[in-house]
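Colleague: below are the sequence and a predicted model; questions follow.
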Amino acid sequence: MGPSFNEQFDQHGAWRREFAHQIHRLSEWMTDHELMDAAVQERLHRLEAQVRSDKVMVAFVAEFSRGKSELINAIFFAGYGRRIMPASAGRTTMCPTELGYDASVAPSLRLLPIETRLQLRGLAEWRVKPDRWIEIPLDVHNADQIAKALEKVAEVRKVTRDSARALGFWHDELPDENPVPDADGLVEVPMWRHAIINIPHPLLKQGLVILDTPGLNAVGAEPELTVNLIPQAHAVVFILSADTGVTRSDLSIWREHLAASPDSLDARLVVLNKIDTLWDTLNAPDEILAQMNRQCRTSADMLGVPLAQVVPVSALKGLAAKITCDDLLLESSGLPLLEEALAKGIMGRRQAILRAAVATGVAGLRAETSRVINIRRRDLDDQMAELRSLRGKNASVIESMRHRVEQEQREFDMSTAKIQAVRAVHLKLLREVFHQLGAKSLKMELAELAQMLQQKGLKLGVRKIYAKTFDSLRGTLDRAQAAGIEIQAMLGGTFRQLNAEFGFSLQVPPPPQLEQFVQELAQIEQSHLQYLGVGNALKLVQPEFAERLVRALAMRLRTVYESAANDLELWSKSATAQLDAQLRERRRSFARRIEAVDRIQHAATGLVERISEIEAGEEELVQLERRLTELTAQLIALPALAEAAEDTGLMPA
């Protein structure tokens, strides 16, 4: 059996820390040798930020009383020697709960009051308003205090039906989904809209984020949860109960919120929890195993997932086994198999994505830095040829060369006006693209859909408007792609002219490819279709629900547009930074050439000394290039080392 999820996440954290350390070393080395330009600095910064701040989100989704919180306790918090997340009989987690760690914030439980649902702000907007959250400090050295504080996520309150309706928990058109009123006609709703737990657990400190969701009624009431948080999770653990299998409400959650995008099914794990309820002393072990296997096959068939993605587990027994160090019970609980599936699924995919990003980023970094080194090498070659031509020449020839260098310098300085004009056109085109991908333009593209959803009554024709909206969004990305190609063509013509006139070696990088963002749009479009179907038609009648849906959709789309704009900006910096670098190196070259002629004029040994200096400089460039190759190769090799460590259970020191 391979390493557990906890062990593999530890290995992932060690790799990330080592990578950040290597990036820092490379950055210092490049700064010391004046190889750092704007594009290189941006690439280094993005690589380091991507790896250092990489988050891995695991969402636990299920109907009430399937054992989500107990499973979280068993996998992540058994080291505390007790339950941390509330996991008693009945409903426990009543509001979506995020567990993570931010070192800039004190350990705490932050709770957003349910009344905030009466306003149309989304969760992301409330996150930046700390004064509206209730904050409870957590004592990281006191497990009992933490567990006691976290009981608040299970708090409820009773309200009238009108209040429940306004909060989104009562639907006259959907009586089966409504909570049961008590004798006084009051209904139970969560006390809190959202909870954020900030705690320095070892895995959370390394970037793990755990999302514990409430049941069907609460999940459906918060579109931002199902539109943004769950779809963006790197893995979703869907929990069933072994004694009931796939119930009607389980199937409803799966179809509406988890199975919308076929591409994401490989990131879904189905846990058949509470297998200890099948451990009947009257049945033989073979009969118990056959019954459990039958439930797994039935669940896999009903949900449309491979049997290998259904894992039978007893979270209760697994937690008890870890606390009491009972290896036999732990094996029987099935928890190690689930942890291994999580490790291979989540961490395997996440590390593959990071490996690809690292390889791409380092390749670009190496190419841009090598270009600067080649500029210096070419400059030294030109100087060497120039100086060797002065051997045995008299003072008038040397003076004539000085005048020629000064004339070249004046002509070069005059060219800066042309370069500035090119920059102005380039920036104008780029600003137009950024405007197309800006928040204001996105709002306009969503206006017709928002207007349709805000109309009273049934939203007839909404799917047609929805499809039209996404066609428009794709058109915006297509125009951004076309603008990138236009900018690349313009720079290409200018660079060829500058190369011919001034002997530069400018090369425009290939135009940015935005196809991945078009694919993201397709995934978002597909994952939202269920909200426009017959099953949600009655929910869409409510203006508040429709408004929250549009806001959640807008926030996710804004992320796509911003990512596309960031890629365009990085590409633009890569194109212009080499121009800046060659201008800078050329100015230095003129200064060095004039200095060399002056030294030759005033000292007989000046020519020999300068030629020796250039030879030493050429050797230094060879060493620089060799060291650059070594440092970047180490960065690319780090993911491979981490992968090898996964196979051996070890990590490099």
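Modeller: Okay, I see it. Numbers count the residues shown, from 1 in each chain.
Colleague: what is the burial count for residue 525?
Modeller: 19 (other Cβ atoms under 10 Å). The way it works is simple: take the backbone N, C-alpha and C, and place the C-beta from them, glycine included.
Colleague: secondary structure element for it?
Modeller: Per DSSP states H and E, residue 525 falls inside helix 515-528.
Colleague: I'd like the average pLDDT over that helix.
Modeller: On average, the pLDDT along helix 515-528 is 83.
Colleague: stretch 635-651 now?
Modeller: 53.
Colleague: output the contacting helices and strands for the helix holding residue 525.
Modeller: Packing partners of helix 515-528 (3 or more Cβ pairs under 8 Å, 6 or more residues apart in numbering; DSSP states H and E): helix 230-232, helix 462-502, helix 543-602.
Colleague: redo those as TSV? Include distance to residue 436 and mean pLDDT.
Modeller: Conversion of the helices and strands packed on helix 515-528 to TSV gives the following (distance: least, Cβ to Cβ, whole Å; pLDDT from 0 to 100):
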stretch	distance to residue 436	mean pLDDT
helix 230-232	24	76
helix 462-502	5	87
helix 543-602	9	80
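Colleague: now these as JSON lines including mean neighbour count?
Modeller: Converted to JSON lines, the helices and strands packed on helix 515-528 look like this (neighbours: other Cβ atoms under 10 Å):
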{"stretch": "helix 230-232", "mean neighbour count": "18"}
{"stretch": "helix 462-502", "mean neighbour count": "16"}
{"stretch": "helix 543-602", "mean neighbour count": "19"}
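Colleague: out of these, flag the one nearest residue 387.
Modeller: Nearest to residue 387 among those is helix 543-602 (6.5 Å), distances taken as Cβ to Cβ.
Colleague: re earlier: residue 271 is nearest to which of the helices and strands packed on helix 515-528?
Modeller: helix 230-232 (15.9 Å).
Colleague: nearest to residue 49, out of the helices and strands packed on helix 515-528?
Modeller: helix 543-602 (11.4 Å).
Colleague: off-centre distance for that closest one?
Modeller: Here helix 543-602 is found 21 Å from its chain centre; the criterion is Cα atoms, centre = their mean, to the nearest Å.
Colleague: what angle sits between that helix and helix 515-528?
Modeller: 170 degrees (axes from the mean of the first three to the mean of the last three Cα atoms, to 10 degrees).
Colleague: use 40 as the first number for this chain going forward.
Modeller: Sure, I'll start numbering at 40, so the last one becomes helix 582-641.
Colleague: now helix 582-641 and helix 501-541, what's the angle there?
Modeller: In terms of direction (the same axes, to 10 degrees), helix 582-641 departs from helix 501-541 by 0 degrees.
Colleague: and residue 458, how many neighbours?
Modeller: Residue 458: 15 neighbours (other Cβ under 10 Å).
Colleague: got the contact list for it?
Modeller: Applying Cβ atoms under 8 Å, 6 or more residues apart in numbering to residue 458 gives the contacts 537, 618, 622.
Colleague: among these, which one sits closest to residue 670?
Modeller: Distance to residue 670 across these (Cβ to Cβ) is lowest for residue 618, with 25.1 Å.
Colleague: mind listing what the closest one touches?
Modeller: 458, 534, 537, 545.
Colleague: the strands in the stretch 240-389 of the chain, which residues?
Modeller: Remark: strands assigned in the stretch 240-389 of the chain by DSSP state E, counting those that start in this stretch are 247-251, 274-280, 307-312, 349-351.
Colleague: who wins for proximity to residue 241 among those?
Modeller: Closest approach to residue 241 among those (Cβ to Cβ): strand 247-251, 9.1 Å.
Colleague: strand partners of that closest one, parallel vs antiparallel please.
Modeller: When pairs are called by DSSP bridges, strand 247-251 turns out to pair with strand 95-100 (parallel), strand 136-139 (antiparallel).
Colleague: so residue 160: helix, strand or coil?
Modeller: Classification of residue 160 by DSSP: H, G, I helix; E, B strand; the rest coil places it in coil.
Colleague: do the one 3 residues further on as well
Modeller: When states are read from three-state DSSP, the local structure at residue 163 comes out as helix.
Colleague: show the pLDDT at it.
Modeller: Confidence score, pLDDT, at residue 163: 78.
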